[in-house]
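K.L.:
model the following, please.
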Amino acid sequence: MSIISIVVPVYKVEKLLERCVKSLIDQSLEDIEIILVDDGSPDKSGDICDKLKQQDSRICVIHKSNGGLSSARNAGIQVAKGKYISFVDSDDDVELNMFEIMVNAAEEYSADFIMSDYIRIFEDGHKTEVSAQLENGLYEKKKIRNEIFPSLIMGENVDYGPLLAVWHCVYNREFLKKNRIMFADDVKWSEDNLFNSMVGYCADRFVYLKGKNLYHYYQNSGTITTSYRPGAWDVYKRMNSYMENFFLQKKDYDFERQLKLHLIYYACNTINMECKNADSMKIAKYRVKEILCDPKLREAFYNFKLPRNVDFKLKIQLWLMKQRYSGFLTVIFRG
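P.N.:
Okay, here's the model as predicted:
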């Protein structure tokens, strides 16, 4: 059994896949399992997966029909044999000592999961180091509750808390299994937010490797995070419902306001997306009105006090959303 299984979902990355996999094959930690999940890719990515498998016996390839990123990661989880598990996106790559450093930390502290910092790389080659607003080191349950829980789902600034992306984390596979933590197959985007929120709540021991920029995240145009997403609002509402089902029953901490902030954040996100991509002001206004009049969003805004620690522009936008002033919002978001 390998010490760690690295799951790589593969879809339409024929030009980038070998770069990613090479950074895994060349890891200083050799006792690894690399699981390439071909998610019904229409290009030559599946063939490249098979070619790479012939080059290294540590590579396992799964070919499946297209089901999205969550479905691909779940397929990898189901066959993983390692004590630990990690997820690397196929258009990214990693430092060659990433998994040696992270597995050693996991073993030293008997951690449920480990998180490192990462480097964001833009298309023009510009790089920036990304670090969480957390102290370096071990977080046991009391410290997790005091420092992670207040922004576990969504911060009071209407932005993500410190636990968001899964790709710069390593998880104890038995911990995930014990707590039945998987990706929601029908949540196509921002699935990390749901997954890591549950991880953060269930974890008893978490280690943050501050200043260790071990993952290289490439900000590519046309990827899931940068492209238009039709039907996004329904997906985000579904994710919020999963969050409600998990967190509203918890008695040790009140997550109700964070759940409202979570839905409001994604309403802002979707309104911005629809306004930027609508063919006309009229169509944009119609789509904005649909979101603002959604009963689930109206419920979130009911008796909702606007956050204080946000900039003036966002405060105005939130107030307009609460009042359902679709015309003004359309003008603001279309610029």
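K.L.:
residues contacting the closest residue to Lys141 other than its chain neighbours?
P.N.:
Ranked by CB to CB, 6 or more residues apart in numbering and with sequence neighbours excluded, the top spatial neighbour of Lys141 is Asp204, at 5.1 Å. Yep, even glycine has a C-beta here, placed from its N, CA and C like the rest. With contact taken as CB atoms under 8 Å, 6 or more residues apart in numbering, Asp204 is in contact with 112, 140-141, 144.
K.L.:
separation between the closest residue to Asp31 other than its chain neighbours and Ser28?
P.N.:
Nearest-residue entry for Asp31: Ile3, 4.7 Å, with adjacent residues in sequence omitted and distances by CB to CB, 6+ apart. From Ile3 across to Ser28, the span is 13 Å (CB to CB, to the nearest Å).
K.L.:
likewise for Phe195?
P.N.:
27 Å.
K.L.:
who's more crowded, those two?
P.N.:
Phe195 (25 against 11; other CB atoms under 10 Å).
K.L.:
still on that earlier bit, which of the contacts of Asp204 count as buried?
P.N.:
Using 16 or more other CB atoms under 10 Å as the burial test, the contacts of Asp204 include 112, 144 as buried.
K.L.:
helices - which of the contacts of Asp204 land there?
P.N.:
Mapping those onto helices (DSSP state H) picks out 141, 144.
K.L.:
what is the nearest of the contacts of Asp204 to Leu318?
P.N.:
Ile144 (28.8 Å; CB to CB).
K.L.:
you'd agree that closest one is up against Gly200?
P.N.:
Yes - using CB atoms under 8 Å, Ile144 makes contact with Gly200 at a distance of 6.9 Å.
K.L.:
which residues are common contacts for these two?
P.N.:
Phe206.
K.L.:
what lies in contact with the helix or strand hosting Val170?
P.N.:
Per DSSP states H and E, Val170 falls inside strand 169-172. Strand 169-172 is touched from outside by 4, 83-87, 99, 102-103, 106, 111-116, 196, 199, with contacts defined as CB under 8 Å, 6+ apart.
K.L.:
pLDDT and distance to Phe333 for the contacts of Asp204 - can I get that in TSV?
P.N.:
Output for the contacts of Asp204, formatted as TSV (pLDDT from 0 to 100; distance: CB to CB, whole Å):
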residue	pLDDT	distance to Phe333
Asp112	98	40
Glu140	98	43
Lys141	97	41
Ile144	97	36
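K.L.:
hmm, Met321 and Phe304 touching each other?
P.N.:
No - Phe304 is beyond contact range of Met321, at 10.1 Å (criterion: CB under 8 Å).
K.L.:
comparing these two, which residue is more hemmed in?
P.N.:
Using other CB under 10 Å as the criterion, Phe304 and Met321 rank with Met321 on top: 23 against 14.
K.L.:
next one: the residue lying closest to Pro307 once chain neighbours are set aside relative to His262, how far apart?
P.N.:
Nearest residue to Pro307 in three dimensions, chain neighbours excluded: Glu156, at 5.2 Å (CB to CB, 6+ apart). Using CB to CB, we find Glu156 at a distance of 12 Å from His262.
K.L.:
who's more crowded, the two?
P.N.:
His262 (26 against 15).
K.L.:
surely that one is in a strand?
P.N.:
No - counting by DSSP: H, G, I helix; E, B strand; the rest coil, His262 is not found in a strand; it is helix.
K.L.:
tell me which residues touch the residue nearest to it when sequence neighbours are not counted, please.
P.N.:
Computed as CB to CB, 6+ apart, the closest residue to His262 that is not its neighbour in sequence is Met154, at 4.3 Å. Contacts here follow CB under 8 Å, 6+ apart; on that basis Met154 touches 160-161, 258-259, 261-262, 265.
K.L.:
now rank these by neighbours and give me the top one.
P.N.:
In terms of neighbours by other CB under 10 Å, these top out with His262 at 26 neighbours.
K.L.:
am I right that Asp43 is in contact with Leu17?
P.N.:
No - the pair Asp43 / Leu17 is not scored as a contact, 9.7 Å apart, by CB under 8 Å.
K.L.:
with neighbour numbers in mind, choose between those two.
P.N.:
Shown here are Asp43 and Leu17; by other CB under 10 Å, Leu17 has more neighbours (26 against 14).
K.L.:
measure the more buried one to Ile59 for me?
P.N.:
The value you get for Leu17 to Ile59, if CB to CB is used, is 12 Å.
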